[in-house]
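S.K.: With the input below, show me the fold.
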Amino acid sequence: MRAEQWILTEDVEEFLDRAGGFLRSRPTMHHTQLTTIEKLRGVREAEPTVFGRSESAGRVHAIFYRRPTGRMMLSPLSPEGCDTLAGLGLPLAGVVADRDTADAFVEAWRRRTGAASRRTWAGRLYRLGTLAPPEPFPPGRGVLGRDRARIVRWCDEFMAGVGETPAASWEASRFADKRFTFWETPDGAPVSMAGSTPMVAGMVRVDPVFTPERFRGRGYAAAVTVAVSRAARDAGATDVVLFADPANATSNALYRRIGFAPVAEFVGHDFE
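M.R.: Numbering: from 1, shown residues only. Below you'll find the predicted structure:
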């Protein structure tokens, strides 16, 4: 049997030509790769993103990309594959992957380089099954978010709440290309917000979901998540996904209640 080999490139179109089918074959597990790589098409970066695909007999089995920050996003990979990848010697600042893959790569990196690591992020991936609006459903309606100042302010509050480092500008942030929906009360007051990514390979990711503290506990987050998820389904999405903090029992219970089912645990590690 032909051994697997890693093929690297800085050409996003070349990468997608060979690995696009693999990414589209599992849109839920590959949702971050699909959305991020799509955003990079036609973009000139001061420092290039490196893309890698693991192939054997012309078939892609795994992929990664490493952004200019040095952080690598990795698809599910065996411990043996992680060891081979670590042996390429790419400069890395960290790794994000499903928990088993990330832990295996961290161990392989430690063996190869002696570098310590620390876990900096954890997320539970959910996929929508049958949408189930909550009962009782709060009064109001979902409306397309056009108040940019409010969107930016609430995204800033969301990042502060989860400990996320803000980007240098709104245009450089992970929110800039998203479509936002507000949940408004009957008097027209916005009380909650959800964003969604452009559809790629039939997949839409709901992110972020944010309710200012003074409006929490009234079902508004569930309502706006239902509104965004229904809009994605109506637009033809087959996979509607989102992340929740595993330590946040409230959000995990909310998403399960409205029809989302857990798929996998993801983690991020920084190398020291």
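S.K.: contacts, neighbours, all on C-alpha from now
M.R.: Fine.
S.K.: residue ranges of the helices in the chain, please?
M.R.: 12-25, 31-40, 79-86, 99-113, 148-162, 220-234, 249-257 (DSSP state H).
S.K.: Which residues does the fourth one contact?
M.R.: Which is helix 99-113. For helix 99-113, contacts defined as C-alpha atoms under 8 Å, 6 or more residues apart in numbering pick out 74-79, 82-83, 86-87, 95-96, 115-117, 264-269.
S.K.: What's the ChimeraX line that selects buried ones from these?
M.R.: Here is the ChimeraX command that selects the buried residues among the contacts of helix 99-113 (16 or more other C-alpha atoms under 10 Å):
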select :74,75,76,77,79,82,83,86,95,96,117,264,265,266,267,268,269
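S.K.: Quote the end-to-end distance of stretch 114-134.
M.R.: 50 Å (C-alpha to C-alpha, to the nearest Å).
S.K.: so how far is that stretch from its chain's centroid?
M.R.: With C-alpha atoms, centre = their mean, to the nearest Å as the basis, stretch 114-134 stands 9 Å off its chain's centre.
S.K.: Buried residues in it, which are they?
M.R.: Quick answer for stretch 114-134 (16+ other C-alpha under 10 Å): Ser117, Arg119, Ala122, Gly123, Arg124, Leu125, Tyr126, Arg127, Leu128, Leu131, Pro133.
S.K.: show me where pLDDT drops low in the stretch 51-200 of the chain?
M.R.: Across the stretch 51-200 of the chain, nothing is flagged by pLDDT under 70.
S.K.: give me the number of residues near Thr69?
M.R.: A count of nearby residues for Thr69, using other C-alpha atoms under 10 Å, gives 11.
S.K.: Excluding sequence neighbours, find me the nearest residue to it.
M.R.: Spatial nearest neighbour of Thr69, chain neighbours left out: Ala93 (7.2 Å); criterion: C-alpha to C-alpha, 6 or more residues apart in numbering.
S.K.: OK, contacts around that neighbour?
M.R.: Thr69, Gly70, Arg71, Met72, Asp270, Phe271, Glu272.
S.K.: same check, this time on Ala132
M.R.: Ala132 neighbours (C-alpha under 8 Å, 6+ apart): Val226, Arg257, Ile258, Gly259.
S.K.: Max pairwise distance over the residues you listed: which two?
M.R.: Pairwise distances across these (C-alpha to C-alpha) peak at 10.8 Å, for the pair Val226 and Arg257.
S.K.: So between these two, which is more surrounded?
M.R.: Val226 (21 against 16).
S.K.: Give me the pLDDT value at the residue nearest the centre of the chain.
M.R.: For the chain, Thr32 is the residue whose C-alpha lies nearest the centre (C-alpha atoms, centre = their mean; 4.2 Å). According to the prediction, Thr32 has pLDDT 96.
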